[in-house]
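1. A structural model of the following input is requested.
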Amino acid sequence: MGVRIRDADQLKVKEDVFDDITLLSLYKLVHKKWFSVIGGSISTGKEANVFYGERDGTAIAIKIYRIRTANFTTMSSYIVGDRRFSHVKKAKKELIFAWTKKEFSNLVRAREAGIAVPEPLVWNRNILIMSFIGEGEIPYPQLRNADIADPDAVYARILRYIDVLYKKAELVHADLSEFNILYGDQPYLIDMGQSVTCDHPRALPFLMRDIRNINRFFSSRCDVQSDVDIFNAVTGLNTAEP
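-> Alright, predicted model coming up:
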C-alpha cells in the first residue's frame with residue numbers, strides 16, 4: 001500500500017484484525033495521506049487494537065475495531081437509544097462502522113468542551129486515526145499503572161472532566177475507570193466509543209457507574225466525595241439513585 005512498516009516483527013498480521021475490509025480502509029487512508037508509517041500494537045482492548053503510526057513525521061494512533069471478533073451484543077446496548085444513530089442497521093458490520101463514527105464524534109465534542117482527550121483526525125469504516133498520547137513512541141500509562149504524585153489534584157481534575165463532559169459536551173463517558181484514563185502531564189480520557197448523550201435512556205445509571213469507579217480507585221489514595229453528592233452536583237438532581 002506504499003506504507004512503511006516500523007518494527008515489522010512486532011506487527012503480527014492477524015486475520016481477526018487485518019481482514020479485507022480493514023485493508024481496504026487502510027489503503028484509502030494511506031492514499032489520502034492520513035498516515036505513512038504503521039508500527040506495532042500499543043494497546044489491545046476488548047473490541048479494538050491500537051497501533052503506533054506516523055503522519056508527516058508526527059506520531060499518531062491508529063485504532064482498528066475488529067469486525068470478526070468485536071462483541072456485537074455489548075456494542076448494541078450502547079448504540080440503541082442514541083438518537084444520533086437511530087438509523088443504523090443492526091447488522092454487525094454496519095454497527096461497528098457506526099461505533100467508529102460514534103467515537104470520532106464523541107472525541108470531537110469532548111475536545112470542544114475543553115477536556116483532555118486524543119484529537120480525532122479522521123475515521124473510515126472501522127478505523128479511527130487520532131493524535132498519539134505519550135512521549136516519543138511510548139504511550140502514557142493507564143492511570144492504574146501511573147505514579148501519581150498528587151492524587152487529590154488528579155481526583156479533582158477527573159471529577160471536573162465528568163462534570164464538564166455532562167454539562168458542556170452533553171455526554172456521559174459510560175465506561176470510565178483507571179483503565180480508560182491515561183496519565184502523563186495530566187489525565188487524558190480515552191476509549192469513548194461507548195459514550196452516550198445525556199438523553200440516552202441509560203445515561204444516568206452509566207454516570208453513577210463512572211463516579212463509583214473513580215471513587216473506588218481513589219478511595220485508598222485520597223479523601224473522596226460521596227457518590228450521590230457528586231452525581232447530584234453534576235446532574236442538578238436531588239436523588240439518592242439514578
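2. what about the longest helix anywhere in the chain, average pLDDT?
-> As assigned by DSSP state H, the longest helix anywhere in the chain is helix 92-112. Averaged over helix 92-112, pLDDT sits at 92.
3. next structured bit after it?
-> Heading C-terminal from helix 92-112, the first helix or strand you meet, by DSSP states H and E, is strand 120-124.
4. pairing partners for that next one, with directions?
-> Paired with strand 120-124 in the same sheet, following DSSP bridges, are strand 127-131 (antiparallel).
5. who's in contact with the next helix or strand after the strand it pairs with?
-> The helix or strand immediately downstream of strand 127-131 is strand 134-135, counting by DSSP H and E. Identification of contacts with strand 134-135 by C-beta atoms under 8 Å, 6 or more residues apart in numbering yields 59, 140, 182, 184. C-beta: built from backbone N, CA, C; applies to glycine.
6. check the offset of the longest helix of the chain from the chain's centre.
-> Centroid separation for helix 92-112 versus its chain: 9 Å, with C-alpha atoms, centre = their mean, to the nearest Å.
7. taking the contacts of strand 134-135 one by one, which sit in strands?
-> Of these, the ones assigned to strands by DSSP state E are 59, 182.
8. how about the spatially most central residue of the chain, what does it touch?
-> The residue lying closest to the centre of the chain (C-alpha atoms, centre = their mean) is residue 191, at 1.4 Å. Residue 191 makes contacts with 45, 103, 175, 180, as judged by C-beta under 8 Å, 6+ apart.
9. which among the residues you listed gets closest to residue 160?
-> Checking the contacts of residue 191 against residue 160 with C-beta to C-beta, the nearest one is residue 180 at 16.6 Å.
10. in space, what's closest to that closest one - neighbours in sequence excluded?
-> Nearest residue to residue 180 in three dimensions, chain neighbours excluded: residue 191, at 4.5 Å (C-beta to C-beta, 6 or more residues apart in numbering).
11. helix, strand or coil for that neighbour?
-> Three-state assignment for residue 191 (DSSP: H, G, I helix; E, B strand; the rest coil): coil.
12. what are the ranges of the strands in this protein?
-> Under DSSP E, the chain gives strands at 4-5, 37-44, 48-55, 58-65, 120-124, 127-131, 134-135, 138-139, 171-172, 181-183, 187-189, 196-197.
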